[in-house]
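Visitor: need a structure here:
(one chain, ligands or ions: 1)
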Amino acid sequence: MNNSTAHNIRSLISHRIPCRALVLFACAIATAMHAAAQAPAPDSPAIEAQALALLAKLTLEQKIELLGGVDSMFTHPVPAIGLPSLKMSDASVGVRVWGPSTSYAGGVSLAATWNPQFARKLGESLGKDSRARDVNILLGPGVNIARSPIAGRNFEYLSEDPFLNAALVVPFIEGVQSQGVIATVKHYALNNQEYNRHNVSSDVDERTMREIYLPAFEAAVTKAHVDAVMDSYNLINGVHATQNEFLNLELLKGEWGFQGILMSDWDATYEAVGAANNGLDLEMPSPRFMNAQALLPALKNGLVKESAIDDKIMRVLRTVLRYGFLDHAQFDAAESTYSIPDRAIALEGALESLTLLKNDGHLLPLDPAGVKTIAIIGPNAYPAVTGGGGSSWTQAFEPISNVTGIANLLGPNTHVLYTRGLPEASDVFRNTHWDGGIAVAAFSSKDFTGTPETTTVSTIDNASPQGPLSGEKIPRSIRYTASYHAAKAGKYLLLASASPWDGDRSNVIVDGSLLQTPPHAEGQIPPFWMLDLRAGQTIHVVAEYLPRVPGQRFGLGIAYEPDLVSDDAKKFAAAADVVVVSAGFTLETEGEGADRSFALPWGQDALIQAAAAANPHTIVTLTGGVGTDTRRWLSKVPAVLDLYYPGQEGGAAVAEVLFGKHNPEGKLPVSFDRSWDESASSPYYYPVKGGDTVLHETEPDGSTVDFEIPHVKYADKLMVGYRYWTTTGKHPLYPFGFGLSYTSFRFSNLQVPATAAAGSTVPVNFDVTNIGSVAGAEVAQVYVSDPSAKHSRPERELKGFVKVRLSPGETRHVALDLDARAFSYWDETAHQWAIDKGKFVVRVGDSSESTPLGVDLRLTH
Ligand code: BGC
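Guide: Below you'll find the predicted structure:
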């Protein structure tokens, strides 16, 4: 495809005719909601006619074939009518699946930029990267709310705030779709944890859904006109997303007027008739349920109507026609798979997102001339950690690690000392000295029954398993029994590795007591515990391992914590002028399919403590989807820089920020909690005890299966993140919206009308001045409070923000509008958005807890 073809496709997408009779109902509801949003316009009559003509050529069997994906990442083609197979790829941080690609600072990093213009740019780049790879459908963005710091996929999503998510997702989607690529907003909906994601029901009241969990989806549909939506794995109020009438039919396709394709997440369909009748258009990655075997009889019996199938096919056909996929190949040789311009955008995202959390004594920025020797230590220092694990992970061409980025910036005259500083898990397993070895009992049963094969081994290492593992008796359950003698008093790390990615499970019992995986460590990989042992104490350890598939992928080891940190790490830290400890999570410890620990991965607390003890100029960089336990070392280090997952240029951006070539400007998109216990959702994160229900669903072969459904009650309701902190008057470690700069800003002259009619747009005006001596960017945040509300509301809510870039001494006037939704809440009795007239307060500042300006506003009839 040449440029002009691409241009034609892009202009075709924006040429939809305005709201007409077909969607009048949806438009009327949107207006009644006081929403600034508008339902998307339907396609032109020409597209409608063409789609109907194509539909008429399809047999019922061909239609049904179109309801399921093929080859994991494609839709079904129908060559007879010229319908191509649409190629897909994930998503928010890079176009993965089809070889190496640019890995951007996406997801939570994008949210930390607080920059809608950058979101548009990132969307456009991902669109171009998609076209270069022949990709028609990009399986992103993910917009689920970061309800808890341990949710495994927070890093892929955006923030804890619905307004910020909506403000970023709209330009992102517009950017992707402007390139002739379909964007897919996901995971619809309430998929806020990885814990038991196929079976868990998120039980949420409608007000909480409408105010917190749905606005980003709503904006994606009504404002960005997203052309695909992906249903999530979980259940919502007891009904799986893929067969949820309320979410799919009433809201998405009804009230919001969604006209695109509603697909399932991969293997998130659980029943044929339920899915077919409740809005699912496309079952991915294959038609396990929505196939001829299940649907033809259902159609015959009247359980499913052919009009429901036609509606699904029409959505696919209209979308394909709208994008011109019938006329042109998607592959565009005018774009690059290895793109030099992309690198600049990847760097821009990283620079805009890195968030400086602590900078005591103005240690930063460092003067490159004053650093003769720098120690860069830690598991995340090298190689580069670009993204978290799972389906978003993108193999970058040449990712820049912190070591490389800093060394490049400093040049040949500075000494760079690098060490990982900690052993690998397999080193811990191999180096553990078990008293008298480990007795292994390997059972061919799955429950430690029957006569085991037994042996004794010296260590248990998942990388090089030992023991009775061959022949017909491949073990299905293995018990390891051993003793460990603690030579010195102190903290010991007990490390066990059973891969949750593979579905393996294990229990560890010490001196007869089961070591509970603490709730906040769910899915932690590998699990670890700290034991306080006396000098000379011997402990008795039993590990019970249940591999999901036969075999042995288990490791077990114990290490004295002070011995974990390598000698060279201590030596390097002491010898250097300055130390950068690169700590945090990686794709192995944070990712899709499991939640992660609130604690840093094992050994890292000790590493930071050791570095700080050796050198007072110790800076910590943290990688992760926000929020980790810093209590053991925070007071001992002068500076902390949060990197989130900065993409392939991360190391270059870290260097620029540490050495003042770039003034940090990222702002926390998620409250940074002190501890898991303090986080607002922690009491309600796991399913209610004894609250399981049973769900009967019909399998593809017609048999009925009963699922145990655990229920997570979102009893924290609206009290998510800063809403909780500001309403309770308590304080997190670092608040939502917070981030330091090398300069300072002043807010002044806030002007808001004293009164305004409820439902009207309210103008907000103020000034921001850079009162420091270097250029920098500030995010001016506007929060609205409703102290006279009849219904209880969060103390304040973000309703506007602007990023301003200012030279020293420069003042910028900011003008923005607050629409009716900024003052509204969801009235559960009236089932609509409502405004309680009376007093409101509009506040302006640089975080949810720092709003130096505030004025009252009275909303009247
Ligand atoms: C993920 C989706 C992703 C899909 C295809 C699933 O496991 O949940 O987000 O788009 O895989 O890779």
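
Visitor: average pLDDT across stretch 245-252?
Guide: Mean per-residue pLDDT for stretch 245-252: 98.

Visitor: can you give me the offset of it from its chain's centre?
Guide: Remark: stretch 245-252 is offset 24 Å from the chain centroid, using CA atoms, centre = their mean, to the nearest Å.

Visitor: which bits of the stretch 251-400 of the chain sit near the ligand?
Guide: For the stretch 251-400 of the chain, the contact set with the ligand under CB under 6 Å from any ligand atom comprises Asp265, Trp266, Ser391. From N, CA and C alone the C-beta is placed, and that goes for glycine too.

Visitor: From the residues you listed, pick the one nearest Ala346.
Guide: Ser391 (19.5 Å; CB to CB).

Visitor: Which of the three states applies to the closest one?
Guide: Here Ser391 is recorded as coil under DSSP: H, G, I helix; E, B strand; the rest coil.

Visitor: Now do the same contact list for it.
Guide: Asp90, Ala91, Arg96, Leu139, Trp266, Glu592 (CB atoms under 8 Å, 6 or more residues apart in numbering).

Visitor: same thing but 10 Å
Guide: Listed by CB atoms under 10 Å, 6 or more residues apart in numbering, the contact set of Ser391 reads 89-91, 96-97, 139-140, 142, 153, 156, 265-266, 591-593.

Visitor: Let's see which of the residues you listed end up in strands.
Guide: Ser89 (DSSP state E).

Visitor: Which of the contacts of Ser391 ranks first by neighbour count?
Guide: With neighbours taken as other CB atoms under 10 Å, the top of those is Glu156, carrying 32 neighbours.

Visitor: per-residue pLDDT, that one?
Guide: On the pLDDT scale, Glu156 gets 97.

Visitor: OK, contacts around it?
Guide: 90-93, 106-108, 140-144, 186-187, 387-393, 591-592, 625, 645.

Visitor: same thing but at 8 Å, please
Guide: Ala91, Ser92, Val93, Gly106, Gly107, Val108, Gly142, Gly388, Gly390, Ser392, Glu592, Gly625.

Visitor: Same question for Asp435.
Guide: Ala482, Ser483, Tyr484, His485, Thr538.

Visitor: Out of the residues you listed, give me the one that has the most neighbours.
Guide: Ala482 (24 neighbours).

Visitor: Tell me the bridge partners for it.
Guide: Val541 (DSSP bridges).

Visitor: mind listing the strands for the stretch 601-750 of the chain?
Guide: Assigned by DSSP state E, counting those that start in this stretch, the strands in the stretch 601-750 of the chain fall at 618-623, 639-644, 693-698, 704-709, 711-713, 745-751.

Visitor: The second one pairs with which strands?
Guide: In the sheet containing strand 639-644, its partner strands are strand 355-359 (antiparallel), strand 618-623 (parallel), by DSSP bridges.

Visitor: Same check on the third one?
Guide: Partner strands and pairing direction for strand 693-698 (DSSP bridges) are strand 704-709 (antiparallel).

Visitor: now the last one
Guide: Applying DSSP bridges, strand 745-751 is found paired with strand 762-770 (antiparallel).

Visitor: pretty sure Ala612 is touching Val637, no?
Guide: Yes. Between Ala612 and Val637 there is a contact at 5.1 Å, judged by CB atoms under 8 Å.

Visitor: most packed of the strands paired with strand 639-644?
Guide: Most buried of the strands paired with strand 639-644, by mean neighbour count (mean count of other CB atoms under 10 Å): strand 618-623, with a mean of 27.

Visitor: Output that strand as PDB - backbone C-alpha positions only.
Guide: What follows is strand 618-623, C-alpha atoms only, in PDB (Å, rounded to 0.1, in the frame of the first residue of the first chain):
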ATOM      1  CA  THR A 618      23.100   5.600  46.900                       C
ATOM      2  CA  ILE A 619      20.300   6.200  44.400                       C
ATOM      3  CA  VAL A 620      17.600   3.500  44.000                       C
ATOM      4  CA  THR A 621      15.800   3.000  40.700                       C
ATOM      5  CA  LEU A 622      12.600   0.900  40.900                       C
ATOM      6  CA  THR A 623      11.100  -1.000  38.100                       C
END
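
Visitor: What score does Phe823 have for pLDDT?
Guide: At Phe823, pLDDT is 98.

Visitor: For it, which non-adjacent residue is spatially closest?
Guide: If the residues on either side of it in the chain are set aside, Phe823 comes closest to Ile835, at 4.9 Å by CB to CB, 6 or more residues apart in numbering.

Visitor: so is Arg821 in a helix, a strand, or just coil?
Guide: Here Arg821 takes the helix state, with states given by three-state DSSP.

Visitor: so which residue of the stretch 351-500 of the chain comes closest to the ligand?
Guide: Ser391 (3.6 Å; CB to the nearest ligand atom).

Visitor: ranges for the helices of the stretch 451-600 of the chain?
Guide: 561-564, 567-575 (DSSP state H, counting those that start in this stretch).

Visitor: Tell me what angle the longest one forms with strand 618-623.
Guide: Right, the one you point to is helix 567-575. Angle, helix 567-575 to strand 618-623, by axes from the mean of the first three to the mean of the last three CA atoms, to 10 degrees: 130 degrees.

Visitor: just to revisit the earlier point, Throw the helices of the stretch 451-600 of the chain into TSV and include mean neighbour count, thanks.
Guide: Shown next, in TSV, are these (neighbours: other CB atoms under 10 Å):
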stretch	mean neighbour count
helix 561-564	17
helix 567-575	18
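
Visitor: Let me have those helices in JSON lines, extended by distance to the ligand.
Guide: Listed next are the helices of the stretch 451-600 of the chain as JSON lines, based on distance: least, CB to the nearest ligand atom, whole Å:
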{"stretch": "helix 561-564", "distance to the ligand": "34"}
{"stretch": "helix 567-575", "distance to the ligand": "37"}
